[in-house]
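Chemist: Okay, structure incoming, though there's no sequence with it:
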């Protein structure tokens, strides 16, 4: 861990410290234990990591600060500050005090973190990313982009829902888990995140954060119906969960209990649903509390998130930051814009739903501003995978709107349209407004980035595929952050990206797009696809025959990442199951059946 030097001044009530600081710094105030009748305070200056300064300790009671666990004329440990205090002699008038502690440096500058992830929103659905071929207005996302950094080469860990969320929260590719293709069913699955695995909320909680997930979980939990019955009978047949067959209506009955859900994986609080199919069963923490109509879910998520910001604003200002993970349910099917949004886009329900999603983002950003938290909050917006064909992509294209912008493919596919995502980061005072980064990054990078922000270490047993993007955010990156990034499709097909080269180890889309298995075989397409993205961003020309050395090099690197159990430096780790880098159609069907995957 890097050592950072901070200046502190201990004073009695009413006295003012004198500071002389070079560089930018921010003063925060933390109360210390009372000494006799004199309540003490510590003022912490925190700014650039190389800051220097001087302070004066005034009006300290004779004999310094009383023990135990506070300041003394000697070098002691402070239980209140959680750091070691070094004094320049006996504590008293005129003496400077310097503290060396990365944890205290971080404590003075810990940002709140709001991570908003849309569901099935394509790169080209955001107006500022697709001005020539995008027809949907997204004013709030456009404004967010103008206020921070836009990553133009950001990727989800998969081109479908569940595995992306696993990678986001664990910093590990989901294909290292039992889920080799598809997604989880939603209402009664063993949780995909193992109980002992470190998660982003678990890590942040250890470092003083309040943590909440408001939205769609879709990472598995087991459940118990009211009265204690399991949702599966002795013969393995599902009991009626009490829902309707209408889209989104298969939620668990009110009163059902969630077992091994979000609040057991690092979150203090959860409010939302399992997935799209079970959206009608509204869950709070570990109980189904209400049956709702799917059309009400998105506005209620927005209101709940706004309420959470309001509820935690005072604590955040007092030094208790929060992590709000907001995985929205939109614009995924069921595509159900609220009545007041219907007809707004001129592109049908999908366009209306995207506009409503944008408005919810605006509401959350507005709540941060209202409560004075904008400057102290890191905001990230992205999507879990590309736009789904079920949104009517063919018809949208006929009307001049291209949800994948210039990229090939959609949700489920191995091509970039399946997993290249909008990715905006706003962090006032840290991230330059209106900036762009062409760094190749992945959703798995969140855990390592949080650790870098807090100047804390990640255990060697966690975040095997997570790389900090903090250098890019601060504008200090001079080289690629990732050696390479691995992509994965709904059918479990692999691709690896390094620099200009992208190698897909399949002859087809790897998903719902064409060509599929049958068409690829009929056309006798090569077993692999190699694209030079510098020359062919739309992945139209397979150049594998022209560059066999690149195919061999990238294949070897992907195989190494699989066998090492990690793509980052460190000791080798084990995957949860055997991973087959080249899958046939028959193998994919077997894996899908074994995983319990369904149409997401």
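Modeler: Sure thing, it's come through. Owing to the predicted nature of the structure, the values given are computational and were not obtained by experimental measurement.
Chemist: Every contact and neighbour count from this point should use C-alpha atoms.
Modeler: OK.
Chemist: List of residues touching the strand or helix carrying residue 165?
Modeler: Assigning secondary structure by DSSP states H and E places residue 165 in helix 161-170. The set of residues external to helix 161-170 that reach it, using CA atoms under 8 Å, 6 or more residues apart in numbering, is 119, 156-158, 172-175, 179, 182-184, 192-193, 197-201, 218-219, 384-385, 443-447, 462-463, 600.
Chemist: Only whichever of those are buried, select them in PyMOL.
Modeler: Here the buried members of the contacts of helix 161-170 are turned into a PyMOL selection, burial being counted by 16 or more other CA atoms under 10 Å:
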select buried, resi 119+156+157+158+172+173+174+175+179+182+183+184+192+193+198+199+200+201+218+219+384+385+443+444+445+446+447+462+463+600
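Chemist: Please enumerate the strands of the stretch 201-350 of the chain.
Modeler: Assigned by DSSP state E, counting those that start in this stretch, the strands in the stretch 201-350 of the chain fall at 210-216, 222-224, 257-259, 269-273, 281-284, 287-291, 322-327.
Chemist: Quick check: which ranges of the stretch 451-600 of the chain have low pLDDT?
Modeler: Per-residue confidence of the stretch 451-600 of the chain (counting by pLDDT under 70) places the weak regions at 584-600.
Chemist: Where do the helices of it begin and end?
Modeler: Using DSSP state H, counting those that start in this stretch, the helices found in the stretch 451-600 of the chain span residues 470-474, 517-522, 548-564, 585-595.
Chemist: tell me the domain boundaries of the protein?
Modeler: Per automatic domain parsing, the structural domains of the chain span 5-107, 110-487, 488-568+577-595.
Chemist: most packed of those domains?
Modeler: For those, the stretch with the most neighbours on average is domain 110-487, a mean of 21; neighbours defined as mean count of other CA atoms under 10 Å.
Chemist: Nearest residue to residue 284 in space, please, no chain neighbours.
Modeler: Nearest residue to residue 284, sequence neighbours excluded (CA to CA, 6 or more residues apart in numbering): residue 271, at 4.5 Å.
Chemist: Can you check the pLDDT for that neighbour?
Modeler: As summarised for this prediction, residue 271 has a pLDDT of 98.
Chemist: so what's it bridging to?
Modeler: residue 214, residue 284 (DSSP bridges).
Chemist: Next, the contact list for it, please.
Modeler: The neighbours of residue 271, taking CA under 8 Å, 6+ apart as the test, are 213, 214, 215, 282, 283, 284, 285.
Chemist: Residue 306 too?
Modeler: With contacts defined as CA under 8 Å, 6+ apart, the neighbours of residue 306 are 363, 364, 367.
Chemist: Ok, which of the helices of the stretch 451-600 of the chain comes nearest residue 265?
Modeler: helix 585-595 (20.7 Å; CA to CA).
Chemist: out of the contacts of residue 306, which are inside helices?
Modeler: When DSSP state H is applied, the contacts of residue 306 are split such that 363, 364, 367 fall in helices.
Chemist: As TSV, the contacts of residue 306 with pLDDT and distance to residue 544 would be great.
Modeler: Converted to TSV, the contacts of residue 306 look like this (pLDDT from 0 to 100; distance: CA to CA, whole Å):
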residue	pLDDT	distance to residue 544
363	98	47
364	98	46
367	98	50
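Chemist: could the residues you listed go into a markdown table alongside distance to residue 572?
Modeler: Below are the contacts of residue 306 laid out as a markdown table (distance: CA to CA, whole Å):
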| residue | distance to residue 572 |
| --- | --- |
| 363 | 44 |
| 364 | 41 |
| 367 | 44 |
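Chemist: For residue 508, state which of those residues is nearest.
Modeler: Relative to residue 508, the closest of the contacts of residue 306 is residue 364; by CA to CA it sits at 40.0 Å.
Chemist: From the contacts of residue 306, pick the one nearest residue 478.
Modeler: Looking across these and measuring by CA to CA, the closest to residue 478 is residue 364, at 33.5 Å.
Chemist: mind listing what that closest one touches?
Modeler: Residue 364 neighbours (CA under 8 Å, 6+ apart): 302, 305, 306.
Chemist: can you tell me which of the helices of the stretch 451-600 of the chain comes nearest to residue 374?
Modeler: Comparison of those against residue 374 by CA to CA identifies helix 470-474 as nearest, at 16.9 Å.
Chemist: name the helices or strands packed onto the closest one?
Modeler: The helices and strands touching helix 470-474, judged by 3 or more CA pairs under 8 Å, 6 or more residues apart in numbering; DSSP states H and E, are helix 446-454.
Chemist: so the helix it packs on versus helix 161-170, what angle?
Modeler: On the basis of axes from the mean of the first three to the mean of the last three CA atoms, to 10 degrees, helix 446-454 is oriented at 20 degrees to helix 161-170.
Chemist: other SSEs contacting helix 446-454?
Modeler: Packed against helix 446-454 by the contact rule (3+ CA pairs under 8 Å, 6+ apart) you find helix 102-109, helix 161-170, helix 200-206, helix 470-474.
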